[in-house]
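Student: Give me coordinates for this.
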Amino acid sequence: MLKRALLYTGVLCLFVSQLVFAQVHEFTLANGMKVLVKEDHRAPVVVTQVWYKVGSSYEHNGITGISHVLEHMMFKGTDKHGPGEFSRIIAENGGSENAFTGADYTAYFQQLEKSRLPISFELEADRMRNLTLPEEEFKKEVAVVMEERRLRTEDKPRSLTLEQFYANAFVTSPYHHPIIGWMNDLENLTVSNLRSWYQRWYAPNNATLVVVGDVNAQEVLSLARQYFEPLKVDQITPVKPRLEIEQRGPRRIVVKAPAKLPYLLMGYKVPVLNTASEEWEPYALEVLAGILSGSGSARLPRDLVRKQQIAASADVSYDLYSRLGDIFVFDATPAEGHSIDEVEQAWRDQVKRLNTGLVEEDELARIKAQVVASKIYEQDSIFYQAMQMGILETVGLGWQKLDEYPARIRAVTAAQVQAVAKKYLVDDQLTVAVLEPLPLKPDQPVQTPPKQ
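Tutor: Numbering: from 1, shown residues only. Next up is the predicted model:
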């Protein structure tokens with residue numbers, strides 16, 4: 001069993017190395033714009049993505065949500081292409097397009113038949129520097145974003161709890177702010193704010209172009225020089241570090257909202273690759289996440305959900321590729337007849353188990369193989385190939401970290417997994433948020449789980 005798992009991990013590592021690293025071509029245009037091209041000739045399609053180093057973690061009080069609002073306005077026209085023209089042109093050419101805003105980036109993408117790549121480049125280059133930002137369109141889009149906030153956060157009890165959780169876990173870190181922004185800031189945002197934000201961050205020397213698909217790297221470079229290189233550079237002033245203050249004890253909050261079921265979030269401050277003093281620690285945390293919930297056979301679904309049956313769901317999440325220090329999060333919903341307190345205690349028992357005993361070698365080998373395999377499965381999609389490179393470049397790690405991943409995961413030991421559990425899964429770094437359900441209707445009584 002152990003030999004088979006180790007062999008499987010080695011084969012996957014070799015495959016990832018060949019698939020990710022060897023085929024990436026990196027260029028820098030004269031204006032500082034980075035271009036990454038990966039040839040994938042399995043189908044005559046291409047994904048193109050433009051990544052900007054700006055997101056909600058670049059924002060401050062008073063303008064939260066501005067990066068996301070600007071993402072909406074990027075579809076509202078330039079002097080050359082009016083509102084909605086970008087989407088119409090892409091659709092007429094058989095393509096699809098969209099955009100997304102994160103804490104550390106804003107990205108725009110299209111998927112097209114490979115011969116249509118110049119169309120994507122022409123449109124993206126135009127709106128990189130030439131948005132008109134009309135007042136009437138701005139008012140419409142801010143209203144759309146506010147409604148999006150109501151529907152996706154304020155009217156969804158788990159999302160509302162998660163937002164409050166991060167706002168309490170982080171005090172000085174900009175991860176305190178939700179990506180969509182606080183409602184009061186959205187209500188008071190002006191088109192002048194937006195125009196300044198656009199001029200500050202949307203420039204070729206603050207962007208990375210990622211292209212993956214049935215293309216020739218040199219031909220892509222030639223097109224990039226044609227469409228993007230004429231764009232003027234701008235002075236990009238880096239944001240201040242805004243590091244999180246030291247947490248000196250556990251924090252607990254209760255969120256009351258109409259909901260069917262209670263919900264538990266427990267999160268611990270942890271390093272990421274950008275902030276770790278020891279580079280092995282984030283990889284050990286990644287393996288730890290896999291041990292706890294990386295598959296249906298992992299400890300949380302096996303023990304809390306199926307064996308003890310005290311949780312309807314239980315999961316952990318961790319992102320080693322964040323720009324700033326982040327949180328290792330446990331979340332769970334109690335099973336019928338069980339309480340939040342029982343689930344929390346079950347989680348603490350899992351942490352104690354990690355602290356007092358090493359993970360068995362066969363379990364560790366199996367989990368590491370699964371963690372690496374999940375990265376390989378993502379490579380089957382040209383969109384996610386591009387996305388992984390875009391994220392790594394934009395948060396300042398460099399796309400080469402993808403190639404390091406399999407070997408780094410394979411090198412993690414049971415002792416290192418135990419070490420990060422002991423060091424970081426401690427109460428002094430813990431924030432707990434509990435969703436306390438209120439009646440879905442004003443006249444409906446609150447349902448409480450029966451005592452065991």
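Student: Give me the domain ranges for this structure.
Tutor: The chain breaks down by automatic domain parsing into domains covering 24-227, 251-438.
Student: Which one, of those domains, ends up nearest to Thr237?
Tutor: Closest of the domains of the chain to Thr237 is domain 24-227, at 7.8 Å (criterion: CB to CB). (C-beta placed from N, C-alpha, C; glycine too.)
Student: hmm, back to that, export the domains of the chain to JSON lines and append columns for distance to Thr237 and mean pLDDT.
Tutor: Shown next, in JSON lines, are the domains of the chain (distance: least, CB to CB, whole Å; pLDDT from 0 to 100):
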{"stretch": "domain 24-227", "distance to Thr237": "8", "mean pLDDT": "98"}
{"stretch": "domain 251-438", "distance to Thr237": "16", "mean pLDDT": "97"}
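Student: What segments of the stretch 201-350 of the chain are strands?
Tutor: 207-213, 251-258, 263-270, 311-317, 326-334 (DSSP state E, counting those that start in this stretch).
Student: out of those, nearest to Lys422?
Tutor: Once those are compared by CB to CB, strand 263-270 is nearest, at 11.7 Å.
Student: Now that closest one - C-alpha only, PDB.
Tutor: This file holds the C-alpha atoms of strand 263-270, laid out as PDB (Å, rounded to 0.1, in the frame of the first residue of the first chain):
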ATOM      1  CA  TYR A 263     -23.300  26.900  11.400                       C
ATOM      2  CA  LEU A 264     -19.800  27.000  12.900                       C
ATOM      3  CA  LEU A 265     -16.600  28.600  11.700                       C
ATOM      4  CA  MET A 266     -13.300  28.200  13.500                       C
ATOM      5  CA  GLY A 267     -10.200  29.800  12.000                       C
ATOM      6  CA  TYR A 268      -6.500  30.100  12.900                       C
ATOM      7  CA  LYS A 269      -4.000  32.700  11.700                       C
ATOM      8  CA  VAL A 270      -1.400  30.900   9.600                       C
END
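Student: Name the residues of that strand that are buried.
Tutor: Tyr263, Leu264, Leu265, Met266, Gly267, Tyr268, Lys269, Val270 (16 or more other CB atoms under 10 Å).
Student: can you tell me how far the third one sits from Val432?
Tutor: Think Leu265. Distance of Leu265 to Val432, computed by CB to CB, to the nearest Å: 7 Å.
Student: neighbouring contacts of stretch 225-242?
Tutor: The contact list for stretch 225-242, computed with CB atoms under 8 Å, 6 or more residues apart in numbering, reads 29-33, 35, 53, 57-58, 118, 121-122, 124-125, 128-129, 172-174, 199-201, 203-206, 209, 324.
Student: Which among those residues count as buried?
Tutor: Looks like those have 29, 31, 33, 35, 53, 57-58, 121-122, 124-125, 128-129, 173-174, 201, 203-206, 209, 324 buried, using 16+ other CB under 10 Å.
Student: hmm, who's touching stretch 83-95?
Tutor: If you take CB under 8 Å, 6+ apart as the criterion, stretch 83-95 is touched by 74-77, 81, 96-97, 110-113, 116, 119-120, 123, 127, 134, 137.
Student: Restricted to helices, list those.
Tutor: Ile119, Ser120, Leu123, Arg127, Glu137 (DSSP state H).
Student: Going by neighbour count, which of those residues comes out on top?
Tutor: The most crowded member of those, judged by other CB atoms under 10 Å, is Ser120 (29 neighbours).
Student: what's near enough to touch that one?
Tutor: When contacts are counted by CB under 8 Å, 6+ apart, Ser120 touches Thr48, Ile90, Gly95, Gln110, Leu112.
Student: do Tyr175 as well
Tutor: Per CB under 8 Å, 6+ apart, neighbours of Tyr175: Ser57, Ala103, Tyr166, Glu244, Leu324, Asp326.
Student: one more time with 7 Å, if that's ok
Tutor: Counting by CB atoms under 7 Å, 6 or more residues apart in numbering, Tyr175 makes contact with Ser57, Ala103, Tyr166, Leu324.
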